[in-house]
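> Here is the input, now give the coordinates:
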Amino acid sequence: PTISECTEKFGVSRGTIQEAFAILESSGSVVTEKRGKKGAIIQNKDDQLLYQYAQLDSITASMPTPLNQYLMGLATAICRSMAKSSAPFTFAFIQGAYNRVKALRKNTYDMVITSYMAAKNFLTEYNELEIAMILNDCLYSKEYVIVVNSPNVTGLRDGMTFGFDPTCSDQLAIINRLSCDYDLKLLKVPYASSRFALKNHTVDAIVHRREAWLEQFASKITILPAKGYKAEMDVPVILVNKQNYGMDRLIRSFLDEKECAQIQNA
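Residues are numbered from 1 along each chain as shown. Sure thing, here's the model as predicted:
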C-alpha cells in the first residue's frame with residue numbers, strides 16, 4: 001500500500017509511516033527495491049522479525065469442544081495447516097458461539113470458528129467482526145435433529161419441555177423457530193450435557209447434532225427433522241476482529257481449505 005493509504009488506515013502522519021518502514025528495512029525485516037515514482041516493492045521479508053515487531057508471540061483460535069469425530073477432525077486439520085506459521089498456534093475449546101465471539105470482540109483470541117449461519121448473524125450485530133475464511137469443503141458437524149426421549153413419537157406437541165443452550169446460536173435459532181408453532185417449555189441446559197438431561201428425563205426433547213451416540217439409544221428415542229435447520233449451519237467459518245489488523249490475511253496465507261478438508265476426512 002502507498003504511504004497515503006497507510007496514513008488513512010492507521011490514522012497517523014506520513015512521517016510516522018516513513019519512520020516505521022525505515023525501521024523495518026534497517027532491521028532486515030523487509031528488503032525493498034526502490035522504483036522511483038512507482039514507489040518501493042518488497043523483495044523479501046523475515047517473518048520471525050516481523051512477528052517480533054508486531055508482538056505476535058502466538059496465534060490463538062477458539063472453536064467448540066471437539067466432542068464428535070467431525071470437530072476432532074476439523075481441529076486437527078486447522079492445527080496441522082497452521083503449523084506453517086512461524087508463531088506458535090494454540091486452540092482454546094469453548095462451547096457456545098456467543099461465548100467465543102464475546103472473547104473475540106475483546107481480542108482475547110485471534111480467530112474463532114463458528115458455523116456460516118452463526119457468522120452471518122454475528123456480522124449483522126457486531127461491525128468490528130469479519131469473515132476471514134469460509135471452509136466450504138470442510139464440515140462443522142452433522143445436521144441438527146430433534147431428539148425426543150420416547151420411542152414411536154410422530155411429532156411434537158404443546159407443553160413439551162425442550163433443553164436448550166442460549167450460548168449456542170444455531171440451536172437457539174431452531175428452538176425459536178419451533179416456538180412459533182408450539183407452546184414449548186424451555187429449560188436451560190448446557191449443550192454438552194443435553195443428552196444426559198434427555199436420558200434422565202429432565203427434558204422431553206433436545207435439538208442436537210446428529211451424532212453416533214444417538215444410535216445407542218435408538219430403541220428409546222425418536223429422531224425428528226429439525227424445522228428451521230439450514231445447510232449453512234454445517235459449514236465452518238473463521239471469524240476475526242478487524243481491529244486485529246492483518247490477521248485475516250495472515251490466516252489465509254497459512255490455512256489451505258483443500259488440505260483442511262483432506263485431513264478432516266481422513
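> Am I right that residue 174 is in a helix?
Yes. Read with DSSP: H, G, I helix; E, B strand; the rest coil, residue 174 is one of the residues of a helix.
> was I right about it contacting residue 229?
Yes. Using CB atoms under 8 Å, residue 174 is in contact with residue 229, at 6.0 Å. C-beta: built from backbone N, CA, C; applies to glycine.
> quick one: which of those two has more around it?
The residue with more neighbours, out of residue 174 and residue 229, is residue 174; 22 against 19, by other CB atoms under 10 Å.
> how about the closest residue in space to residue 260 that isn't next to it in sequence, what does it touch?
Excluding its sequence neighbours, the residue lying closest to residue 260 (CB to CB, 6 or more residues apart in numbering) is residue 77, at 4.0 Å. Residue 77 makes contact with 138, 259, 260, 261, 262, 263, 264 under the criterion CB atoms under 8 Å, 6 or more residues apart in numbering.
> Among the residues you listed, which are located in helices?
Taking DSSP state H, the ones among the contacts of residue 77 that sit in helices are 259, 260, 261, 262, 263, 264.
> Need those in JSON lines (columns: distance to residue 84).
Converted to JSON lines, these look like this (distance: CB to CB, whole Å):
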{"residue": "259", "distance to residue 84": "10"}
{"residue": "260", "distance to residue 84": "12"}
{"residue": "261", "distance to residue 84": "17"}
{"residue": "262", "distance to residue 84": "15"}
{"residue": "263", "distance to residue 84": "13"}
{"residue": "264", "distance to residue 84": "17"}
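> Just the buried ones out of those residues, please.
Those of the ones in helices among the contacts of residue 77 that meet the buried threshold are 260, 261, 263, 264, by 16 or more other CB atoms under 10 Å.
> check contacts around the last one.
With CB under 8 Å, 6+ apart as the criterion, the residues that contact residue 264 are 70, 73, 74, 76, 77, 138, 139.
> How about the second one?
The neighbours of residue 261, taking CB under 8 Å, 6+ apart as the test, are 77, 135, 137, 138.
> again, but for the third one
Under the criterion of CB under 8 Å, 6+ apart, the neighbours of residue 263 are 73, 76, 77, 80, 81.
> what about the second one, which helix or strand?
Assignment of secondary structure by DSSP states H and E places residue 76 within helix 69-82.
> Heading C-terminal from that helix, find the next helix or strand.
Heading C-terminal from helix 69-82, the first helix or strand you meet, by DSSP H and E, is strand 89-93.
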